[in-house]
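Novice: coords below, sequence missing:
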């Protein structure tokens, strides 16, 4: 029986003491360790399995953390975390109080840059490389590991363009496995495929940008990787290594179904079979309500178009792509392009539904203002994963959209409290709105089993009363309404769903402010500049002196953990809300 190697590795210092011939055994142990933990604790699986050999080779050849290693996005960094001092608490990955699912500068000095969004690694590594040169640290190495999906993002091209005219110790490693979360798309993907097949002149794109290009090489042959990294370590200037890997390597099911096993949930570590969570006849996920509804609407309205930046499965636009491939577009990791593409379509009379996760729409803020709202184009933004999203943590929480969108003229903002409302606002939006609209809804399961009801048109800017009481009025927006409803079952208070953050239902608000001394607003958005701020501005503009309490996400970055636990940590769960409402009601 072979002696375990992984248990002897606490930092890369111990790794570099191993004989190179023993590294394949370490790779096997590391792969098994990742599989066994993720099988029971959940997380991102396929990406990290695919770079096990590359991860070991990088820490074996380079003097990390002095040599700086940056992982693009970080889905692929589990092996890196385990080898850099976090093996013993890796089981806490993505849990409240545990380690982050992504590289985090506050967690380890081996995590040189925080990465939760794609296409940032080359710019960050180049910034570090320039800084090292200015400080006279000429031997220091800077390595960016980026996937073939991420390198197609505009920011990655900006970084490559700049790096090509600098004399810096920068190594860009392309981890080419032909898939991000969903399969990679676009002309660059086709080019890379042809390079791997040998039908494309290999170096023209990268060499044209003044990089020393090498590859493609086998990303699972650890000796080949080490040999090439040692050679490149001596090469001056910007370098580019093309590495071919298999996402999910080492687990048959993860290699076969790479989309599902990107983040598979619970599974059997030995067989790889998924463990289906119990729950018969449960409400659907909001993303599926969007996906089924846009197909339903598109069959009735030939002008409807679907757009997503690299999230067809996560957003459920995949349903439309399968049925109407000429009217549904995955544009790759390119949020800015997605928004302006939608704007261009809108000028020609099409009705684009642009589905982007709330956290990723932040990357296209100028395009929302300059290309859509300024021209008052009726683009329909569907913001999936709004509010607290759970285990992915602060890089992915969608808790700023109400604040960053509310200040934009011409833009309508709506938050459905349930699946029926989501369907109805999608129906309403495609009937001929004269303004752009943002529809924000949460990640995960909804609250309504019989959600597929006949469409009803929603009056723009119209709120609704859900419960009649006295003394205290609670104003909620979106799906957090569910927690409020549970909290006030035994309280004689009024509950209003404003539905629209912009335009506000001012007629309803005047009635509320005239009839209730104390008003509470609640949202799963930052309290700074969000829904509560809008209500306070209304009160100020109309000289109301009522007491206003604003509840929401505090002015801090919220860590990772399951949504229920995170809501409780900021006082937005039903139990804590009931306590706060009870105190105000007395």
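Specialist: Structure's in. What do you need? Here the structure is a predicted model, which is why all the values come from computation and not from measurement.
Novice: Quick check: which ranges of this protein have low pLDDT?
Specialist: Within the chain, the stretches falling below the threshold (pLDDT under 70) are 1, 179-186, 196, 198-203, 278-280, 586.
Novice: let's see 50
Specialist: Judged against pLDDT under 50, the chain has no low-scoring part.
Novice: chain center to the top helix by length along it: distance?
Specialist: Using DSSP state H, we find that the single longest helix of the chain is helix 23-41. Offset of helix 23-41 from its chain centre (C-alpha atoms, centre = their mean, to the nearest Å): 25 Å.
Novice: After that helix, which helix or strand is next?
Specialist: Proceeding C-terminally, helix 23-41 gives way to helix 46-50 as the next helix or strand, assigned by DSSP states H and E.
Novice: What is that next one packed up against?
Specialist: With contacts defined as 3 or more C-beta pairs under 8 Å, 6 or more residues apart in numbering; DSSP states H and E, the packing partners of helix 46-50 are helix 23-41. For glycine as for every other residue, the C-beta is placed from the backbone atoms N, C-alpha and C.
Novice: and the helix it packs on, which residues are buried?
Specialist: Of the residues in helix 23-41, 23, 26-27, 29-31, 33-35, 37-39, 41 count as buried by neighbour count, 16 or more other C-beta atoms under 10 Å.
Novice: okay, those residues in a markdown table with distance to residue 385 next?
Specialist: Listed next are these as a markdown table, based on distance: C-beta to C-beta, whole Å:
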| residue | distance to residue 385 |
| --- | --- |
| 23 | 39 |
| 26 | 36 |
| 27 | 34 |
| 29 | 35 |
| 30 | 31 |
| 31 | 30 |
| 33 | 30 |
| 34 | 25 |
| 35 | 27 |
| 37 | 25 |
| 38 | 21 |
| 39 | 25 |
| 41 | 21 |
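Novice: quick check: domain ranges of the chain?
Specialist: 19-262, 286-442, 464-585 (automatic domain parsing).
Novice: Quick one, which of these gets closest to residue 2.
Specialist: Smallest distance to residue 2 across the domains of the chain (C-beta to C-beta): 6.3 Å, for domain 19-262.
Novice: and the closest one, how far apart are its ends?
Specialist: Start to finish, the residues bounding domain 19-262 are 32 Å apart (C-alpha to C-alpha, to the nearest Å).
Novice: Centre of the chain to that domain, how far?
Specialist: Distance, centroid of domain 19-262 to centroid of chain: 19 Å (C-alpha atoms, centre = their mean).
Novice: Can you get me a residue count around residue 281?
Specialist: A count of neighbours around residue 281, defined by other C-beta atoms under 10 Å, yields 5.
Novice: Let's verify it: helix, strand, or coil?
Specialist: Three-state assignment for residue 281 (DSSP: H, G, I helix; E, B strand; the rest coil): coil.
Novice: from memory it sits against residue 450, does it?
Specialist: No. Using C-beta atoms under 8 Å, residue 281 is not in contact with residue 450, being 10.6 Å away.
Novice: Strands of the stretch 351-500 of the chain, start to end?
Specialist: Secondary structure of the stretch 351-500 of the chain by DSSP state E, counting those that start in this stretch: the strands cover 351-357, 380-386, 412-414, 437-442, 464-467, 472-476, 494-497, 500-502.
Novice: closest one to residue 577 among the ones you listed?
Specialist: Per C-beta to C-beta, nearest to residue 577 of those: strand 472-476, 8.7 Å.
Novice: which other residues reach that closest one?
Specialist: Residues external to strand 472-476 that are found in contact with it (C-beta atoms under 8 Å, 6 or more residues apart in numbering): 417, 484, 488, 491, 493-498, 512, 515-516, 518-523, 531, 535, 581, 584-585.
Novice: which among the residues you listed end up buried?
Specialist: Listed as buried from the contacts of strand 472-476 are 417, 484, 488, 491, 493-498, 512, 516, 518-523, 531, 535, 581, 584-585; burial here means 16+ other C-beta under 10 Å.
Novice: Among the residues you listed, which ones are in helices?
Specialist: Using DSSP H, the buried ones among the contacts of strand 472-476 in helices are 484, 512, 531, 535, 581, 584-585.
Novice: which one among those gets closest to residue 312?
Specialist: When these are compared against residue 312 (criterion: C-beta to C-beta), the nearest one is residue 531, at 30.3 Å.
Novice: so that closest one touches residue 498, yeah?
Specialist: Yes. In this structure residue 531 lies within contact range of residue 498 using C-beta under 8 Å: 7.3 Å.
Novice: what touches both of those two?
Specialist: 475, 477.
Novice: I'd like to know which elements the strand ranked longest in the chain is packed against.
Specialist: In the chain, assigned by DSSP state E, the strand with the most residues is strand 518-526. Packing partners of strand 518-526 (3+ C-beta pairs under 8 Å, 6+ apart): helix 401-406, strand 472-476, helix 531-541, strand 547-553, helix 574-585.
Novice: rerun that using 6 Å as the cut-off
Specialist: If contacts are counted by 3 or more C-beta pairs under 6 Å, 6 or more residues apart in numbering; DSSP states H and E, strand 518-526 sits against strand 472-476, helix 531-541, strand 547-553.
Novice: still on that earlier bit, same list (the strands of the stretch 351-500 of the chain) but as a markdown table, adding distance to residue 114.
Specialist: Below are the strands of the stretch 351-500 of the chain laid out as a markdown table (distance: least, C-beta to C-beta, whole Å):
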| stretch | distance to residue 114 |
| --- | --- |
| strand 351-357 | 18 |
| strand 380-386 | 19 |
| strand 412-414 | 29 |
| strand 437-442 | 24 |
| strand 464-467 | 40 |
| strand 472-476 | 32 |
| strand 494-497 | 36 |
| strand 500-502 | 29 |
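Novice: Report the separation between residue 480 and residue 334.
Specialist: Here the criterion is C-beta to C-beta, to the nearest Å. By it, residue 480 lies 31 Å from residue 334.
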